[in-house]
Structures are given as C-alpha cells and as structure tokens.
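> Mind folding the following:
(one chain, ligands or ions: 2)
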Amino acid sequence: MTTKSLYKRLLGVGFAAVLGGTATTASAGLSEGLVLFNSFCAVCHGATGEGQAMGKSLVDDGAKGLEDLELLAVIREGRAGTGMAAWGDSFSAEEILDTANYVRAMQGKLGILLEPEDPIAGDPLAVAGRALFNGAANCVSCHTVGDAGGQVGPVLDGVYTRLGDDGLLEAFSKPSASFAEGFPVKVIELNDGSTLRGVARNETATSLQIQSLDGKRWRTYFKDRVKSVSDSKSSVMPDIYADLNRQQREQLLAYLRSL
Ligand code: HEC
Ligand code: HEC
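Ligands and ions are numbered 1, 2, ... in the order given. Model prediction:
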C-alpha cells in the first residue's frame, strides 16, 4: 500500500462513517481493526473497550490521553509485567495501526495521522536541491517528481537508478549531449520562414505531432504544408546548469540522486 492511500484511509471520514453505522471503503482499515480487536483484545478490554477484569478501560481519560505514538507503542511493545502482551510479535505494522485506529474510534477520537516520512530529511544538501528544483531553478515546470510537475520532460522518479552518476551529470549539465528515450526534438520550418522546435511524437510519412512548450498540448503538422522537418541537435531542456553556481549544482545533483 502506498503512503498516500494509507494516509487517506486514516482520515477521520472513515471513522465517522463507521461510527454512524455505514461502512464505506474509506473505512476498510477500520473494519480490519474491528475484527482484530474483537478477536484478540475484547476478551480483556471488553467489546466496546469499557474494560474487564483482565484489562483496563481503553475509553477512560488515561487511555484517551495517550499520544498517538504512545498508543502504537503500547500495542506493539506491550507493558512488561502486566497482562498486556507485545502484539508487535504477532501483528504486522499495518495491523497494529488498524487496531490502534479502532481504539481511537471507540474513544470517539480522530484516527492516527502519520506524517509521511520525508525520505531526504537527513540530507540537507538534497533538501536545498529540492528547494531549487521547485523554486529558483524551476525544473518542476517541465519535470514531474511524485505527484507534481510539468510534462515537457521525463518523469524524474527513479532517475538516479536509471542513469547513474555519470548519466545524471551529463543529462543535467549537457542536455543536448543525448536525449532521453522518447523525447526526440524536431525543428519545423514553416512556409512563412519561421521555425519552431519541440518534442515530437507519432511521426508518420505525412505528419507528426509537436508538444507545446507548456507540455499540455500536442499539435499536428502535415509535412506537405510546412517547408521542412528535421532533427534538432539541441534538447528543449535549457542549459540551466551553466547559470548555477557550484553549490547549487551540488545541491541539485544531491536531490536528483535521492530520486
Ligand atoms: C490478556 C489480557 C489483554 C489482552 C488480550 C490485551 N490487553 Fe491491552 N492491556 C491489558 C492490561 C492488563 C493493560 C494494563 C497494563 C497496565 O497496567 O499498564 C493493558 C493496557 C492496554 C493499553 C494501554 C491503556 C492505557 O490506558 O494506558 C492499550 C492501548 C491496550 N492495552 C490495547 C490493547 C489492544 C489493542 C489489544 C489487542 C491487540 C490488547 N490490548 C490486548 C491486558 C490485555
Ligand atoms: C523547458 C523544459 C525543461 C526544464 C525547465 C528542465 N528540463 Fe530537464 N529535460 C527536459 C526534456 C525535454 C528532457 C528530455 C530530453 C533530453 O534528454 O534532453 C529533459 C531531461 C532531463 C534529464 C534526463 C532524464 C532522463 O530520464 O534521461 C534530467 C536528469 C533533467 N532533465 C534534469 C533537469 C533539472 C535538474 C532541471 C532544472 C535545473 C531541468 N531538467 C529543467 C526539459 C526540461
């Protein structure tokens, strides 16, 4: 499961739906939590978490007051010297989360919101590179990373795995040295003598499509209605590298390596 769908599932909507008696797909994790709770926890904590002889109430102020991480930790690690076992030995991380969310629902509280972990939080160089990528260097206007970005250039998720150190440096510092697969650039000379350049697709004997510079539209040109069509030797990716200082280059490369 992706972090995103996990994230969605944990939003309060699902809990409200279950508490109101209408199970929806958004509450899938919650119904899993319910099954787990009934099978493994209710015997000691009671069917609605009210507490029994062998287990305390999970809906009293003490249990409600547990921080999300404490709640997860108690279920995962148990409480030494008490009847509360370490469920982490038998539950998966997701099952622990589902069960904890069900406990929260019984408490009438919102589900646990796990902040998706920032994979580059520990790498200040890459963090600075990301800021450049999305900001001053504006790579994001043409390239998508994750959910966001433009469509003129290739999606850069996994680019480091694809290109390695040398390939990455070359693609970034000499965009025209080689074109990424699937991004051939053509020059079209129109009948009025003007020229245009862009990434081409669907070339046939009589026509081809050229991508608009914002990446959003493809326009068809008929070869017999233009003066000429030829291969471009330069990429549509501008040589941004030349305008960056050494530190900025290193930052951007560190970010690209993290993708
Ligand atoms: C064999 C009985 C038993 C079972 C089964 C059991 N618990 Fe417990 N649980 C306890 C006891 C006893 C405590 C109180 C520990 C203490 O004194 O701090 C406790 C404490 C807790 C607490 C901490 C409450 C607080 O106020 O600090 C949580 C949360 C909890 N259990 C959740 C669960 C969940 C979820 C399950 C099922 C996966 C489960 N327990 C299964 C006996 C049980
Ligand atoms: C105007 C659009 C545009 C901008 C802005 C742009 N690129 Fe590109 N980029 C492209 C295109 C188109 C390609 C594919 C053609 C090629 O390889 O030159 C490409 C290719 C790449 C590649 C190679 C990808 C692969 O899969 O082989 C990398 C890496 C890259 N760009 C990084 C960057 C970085 C870093 C920036 C910001 C400093 C940036 N690009 C800015 C359009 C752009």
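
> What residues does the stretch 101-250 of the chain have near ligand 1?
By Cβ under 6 Å from any ligand atom, the residues of the stretch 101-250 of the chain that approach ligand 1 are residue 103. Placement of C-beta: from N, CA and C, glycine included.

> Helices along the stretch 101-250 of the chain, start to end?
Taking DSSP state H, counting those that start in this stretch as the test, the helices found in the stretch 101-250 of the chain are 124-134, 159-173, 246-258.

> Would you format the ones you listed as TSV with mean neighbour count and distance to ligand 2 included?
Shown next, in TSV, are those (neighbours: other Cβ atoms under 10 Å; distance: least, Cβ to the nearest ligand atom, whole Å):
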stretch	mean neighbour count	distance to ligand 2
helix 124-134	18	6
helix 159-173	15	3
helix 246-258	18	5
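
> Could you dump these into TSV and include mean pLDDT?
Formatted as TSV, the helices of the stretch 101-250 of the chain follow (pLDDT from 0 to 100):
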stretch	mean pLDDT
helix 124-134	93
helix 159-173	92
helix 246-258	95
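
> ok, the spatially most central residue of the chain - contacts?
Compute the mean C-alpha point of the chain, and by Cα atoms, centre = their mean the closest residue is residue 146, 4.7 Å away. Contact partners of residue 146, counting by Cβ atoms under 8 Å, 6 or more residues apart in numbering, are residue 157.

> for it, phi and psi?
For residue 146, the backbone dihedrals are phi 70, psi -120 (criterion: degrees, to the nearest 10).

> Check it and give its pLDDT.
At residue 146, the model reports a pLDDT of 91.

> swap in residue 219?
For residue 219, pLDDT reads 90.

> quick one on the thing from earlier: got a markdown table for the helices of the stretch 101-250 of the chain, with distance to residue 210 too?
Listed next are those as a markdown table, based on distance: least, Cβ to Cβ, whole Å:
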| stretch | distance to residue 210 |
| --- | --- |
| helix 124-134 | 26 |
| helix 159-173 | 22 |
| helix 246-258 | 27 |
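
> With that, I have no additional questions.
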